[in-house]
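Student: okay, predicted coordinates and the sequence, questions at the end:
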Amino acid sequence: MSINYYNMLHVKKTFLVLILFSVQLLSTYAQTDKPIYLDSNAPIADRIEDALQRMTLEEKVAMTHAQSKFSSPGCARLGIPENWMSDGPHGIRAEVLWDEWYGASWTNDSCFAFPALTCLASTWNPEMAHLYGKSIGEEARYRNKNVLLGPGVNIYRTPLNGRNFEYMGEDPYLSSTMVVPYIQGVQSNGVAACVKHFALNNQEVDRDKINVVVDERTLREIYLPAFKAAVQEGKAWAIMGSYNQYKKEHCCHNEYLLNDILKKEWGFDGVVISDWGGVHDTRQAVLNGLDMEFGSWTNGLDWGTSNAYSNYYLANPYLKAIKNKEFGTKELDDKVRRILRLTFRTTMNRQRPYGSFNTPAHSLAGKTIAEEGMVLLKNKKNLLPLDKNKTQKILVVGENAIKRMTIGGGSSSLKVKYEISPLAGIKSLASPSSEVTFSMGYASPAVAEQDVVGAKADTTTYDAAAIHAAAVEAAKAADVVIYVGGLNKNDGQDCEGNDRASMGLPYEQDALINDLADVNKNIVVVLLSGNAVSMPWINKVPSVLEAWYAGSEAGNALASILFGDTNPSGKLPFTFPVSLADCGAHALGEYPGDGTDVHYNEGMNIGYRYTDKQKKAPLFPFGFGLSYTTFRVNQVTLSDKHLSKTGSIEVQATVTNTGDRAGKEVIQLYISDKKCSVERPVKELKGFTKVALAPGESKVVTFNIDESMLRFYSVKDHAWISEPGKFEAIIATSAEDIVAKKSFTLSL
Ligand code: GLC
């Protein structure tokens, strides 16, 4: 081969290398020119810093407060999207006007209504919570909302609280276990769950100002755990501050709750969003842990009027204060870093899914959760399930059999694609040869759909005595009476903004139930409520079912339970006391306070923690629920009687389906500290598992106990600690239905 040839070869190779190098250089140059914050593959921390340093002071301040009723600015110049929030915990609220509370009359925003969170909690099934969160997150994603204003996990302190239906009951362990998968489900869609209302928002009376006085240990052991689990296990991307005060500071800008506990102690890296109208002071809003201000001057109670968003506490007043050197930009940069983190987790996350809306899958999810959450409280004579193949005269009585329950209740009210009423559901499952008739029985003031402009409430008026008498008369001829009553979403019932005045059923229902039971022994009382109610007629009716507010599929789920397509397996997430006097908050504590302060003098004595102390059985206990089959729980064993600080012991129990149909049972583990330097509840829920069993089938349920489960919060040590000594592992099927107690000792 000639030398010239080799020279040519060499020249070509060099030329090729040069081209490759320049292409590489160009692409690198091109790369470096693309801002890091726009690179979906770059670490979020890098994207945050890159975006932050590109933003002006005005752009940063603008990001920390609303621009409309439910949105806040991104940074248009940099192509950073806006943040769009939406209520609520049970479904995606209809689009509202830019600057008002009520609907924008869109025609594409009618959503699917999932069951209320009390119903979800009643499933005692974390898989249902994940299914719920994933499904509602898909609806939020589809509607291009990147923050879902829910779930709520405020603890059920009193049966009078108007918003208990939005929460998960009286026990911190149950609420914690159920809220984590809900959050994970929502956020799997690239939508932030905004867990609310942080903290101590346990009543609606004076909610926007009442100062809660509660001891530190009760705060830590009862009212904070579900939020802590939401942050540390659920990895919630947002938390909503509550309206009330704690330590005389509004919780939307509360140094102790937001900076000391939430952000420093728990390591929360998301955004703190105010409740709507929960901000009252610029300085506190800047310094005390708030990141995004919404709804100022519309305190969530009053109907909104046009507000100049630039006058918000974190708007021009904040900008002016910075320019006057009252504040540096350290706090501002922290707020904006958190908001940018929300952005990169949601709207600027290119990998997030696209969501879906009103799908058959969501209908199935809602129906399944509702069926699994309904609680059979009583079923003497096995009146239930009804035989759906039998020809019978079924009389359905009660306004709640036809009343729309997805509307009303405050901010969780929904404009839905459909809602199956209890009456419609019953009619769809009863045998074609049966006769299903309806009688109103009682009536309540109708409410208009709040998110539909111009919606009118049904103005029909009823003669209460006449409809009462007509129902009783009709009951005489029926084979079975299905009474559908309870509470509703009207003001003063299960509704935001007000609490109930008593525990009794409204609209003279007790008298009606009594009269119906007098003329027909085959009566099933179905209660739709988000709260416990008193039942003076309980000994006169053979069957009682708590059906909650079950959403769009309510009627189908209820019928499935009543006619036995589904075997009920729900368990109460809160105690049904005999009377208010049997509630710790009312017997030992203050409620609703004096308009300035409310003292939680009962401490941890709420729910079963109080009835255990009182040694008086409630009407229906926490964790209680019947089935159409029967179960036996026995052979409770302990792997060891001694637990060391680092070890664990196993508690096992065998549960058998002793009936003739498949069913599910919830085995509950409570721990009792028999001797402690501080007063502790008699027992506390520390584990549960739901098992499905075929007739005759047995399963062994196993719980692992370790030292961490025995701890209490020590105020003097500012830490959770355990003390050596004697404990009991209690296996139960409700707070009152104890199967076995097994003693063991902890040695440290
Ligand atoms: C309400 C509620 C809160 C809701 C917010 C927006 O007043 O307290 O739960 O998410 O304002 O509607």
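Tutor: That came through, no problem.

Student: make it CA atoms for all contacts and neighbour counts henceforth
Tutor: Fine.

Student: burial check on Lys381, number of neighbours?
Tutor: Here the number of neighbours of Lys381 (other CA atoms under 10 Å) works out to 9.

Student: gap between Asp463 and Cys251?
Tutor: For Asp463, the distance to Cys251 (CA to CA, to the nearest Å) stands at 46 Å.

Student: more neighbours: those two, which one.
Tutor: Ranked by neighbour count (other CA under 10 Å), Asp463 and Cys251 place Cys251 first, with 33 against 10.

Student: now do the contacts for that one.
Tutor: Listed by CA atoms under 8 Å, 6 or more residues apart in numbering, the contact set of Cys251 reads Phe198, Ala199, Gly241, Ser242, Tyr243, Asn244, Gln245, Leu257, Leu258, Gly278.

Student: in strands, which of these appear?
Tutor: Using DSSP state E, the subset of the contacts of Cys251 located in strands is Phe198, Gly241, Gln245.

Student: so which of those residues wins on neighbours?
Tutor: Gly241 (30 neighbours).

Student: what about the spatially closest residue to that one that is not a sequence neighbour, distance to the ligand?
Tutor: In this structure, Gly241 finds its nearest non-sequential neighbour in Cys252, 4.2 Å apart by CA to CA, 6 or more residues apart in numbering. Separation of Cys252 from the ligand (CA to the nearest ligand atom, to the nearest Å): 12 Å.

Student: ok, now Asn108?
Tutor: From Asn108 across to the ligand, the span is 20 Å (CA to the nearest ligand atom).

Student: how close does that residue get to Glu679?
Tutor: 55 Å.

Student: kindly report the same for Thr689.
Tutor: 28 Å.

Student: and for Gly74?
Tutor: From Gly74 to Glu679 the distance is 50 Å (CA to CA).

Student: element containing the closest residue to the ligand within the stretch 551-700 of the chain?
Tutor: Proximity of the stretch 551-700 of the chain to the ligand (CA to the nearest ligand atom) peaks at Pro592, 17.6 Å away. Here Pro592, judged by DSSP states H and E, is contained in no helix and no strand.

Student: contact partners for it?
Tutor: By CA under 8 Å, 6+ apart, Pro592 lies in contact with Gln203, Val205, Val598.

Student: out of the residues you listed, who has the most neighbours?
Tutor: Highest neighbour count within the contacts of Pro592: Gln203, with 26 neighbours (other CA under 10 Å).

Student: the strands in the stretch 301-450 of the chain, which residues?
Tutor: Using DSSP state E, counting those that start in this stretch, the strands of the stretch 301-450 of the chain run over 375-379, 393-397, 435-439.

Student: what's the closest of these to the ligand?
Tutor: strand 375-379 (26.2 Å).

Student: so which elements touch that closest one?
Tutor: If contacts are counted by 3 or more CA pairs under 8 Å, 6 or more residues apart in numbering; DSSP states H and E, strand 375-379 sits against strand 543-546.

Student: got the buried residues for the strand it packs on?
Tutor: Ser543, Val544, Leu545, Glu546 (16 or more other CA atoms under 10 Å).

Student: and it, how far from the chain's centre?
Tutor: In terms of CA atoms, centre = their mean, to the nearest Å, the centre of strand 543-546 is set 23 Å apart from its chain centre.

Student: where does pLDDT dip in the stretch 201-350 of the chain?
Tutor: 298-307 (pLDDT under 70).

Student: mind checking pLDDT for whatever residue of the stretch 351-500 of the chain ends up closest to the ligand?
Tutor: Residue nearest to the ligand within the stretch 351-500 of the chain: Ser411 (4.7 Å; CA to the nearest ligand atom). Per-residue confidence (pLDDT) for Ser411: 95.

Student: and what of Ser2?
Tutor: So Ser2 comes in at 57 (pLDDT).

Student: got a list of what the nearest residue to Ser413 once chain neighbours are set aside touches?
Tutor: Leaving aside its chain neighbours, Ser413 sits nearest to Ile407 (4.6 Å; criterion: CA to CA, 6+ apart). Applying CA under 8 Å, 6+ apart, one finds that Ile407 lies in contact with Ser413, Leu414, Lys415, Glu449, Gln450, Lys489.

Student: go on, Asp463?
Tutor: Counting by CA under 8 Å, 6+ apart, Asp463 has no contacts.

Student: circling back: wait, doesn't the residue of the stretch 351-500 of the chain closest to the ligand sit right on Asp87?
Tutor: Yes. If you go by CA atoms under 8 Å, Ser411 and Asp87 touch, sitting 6.6 Å apart.
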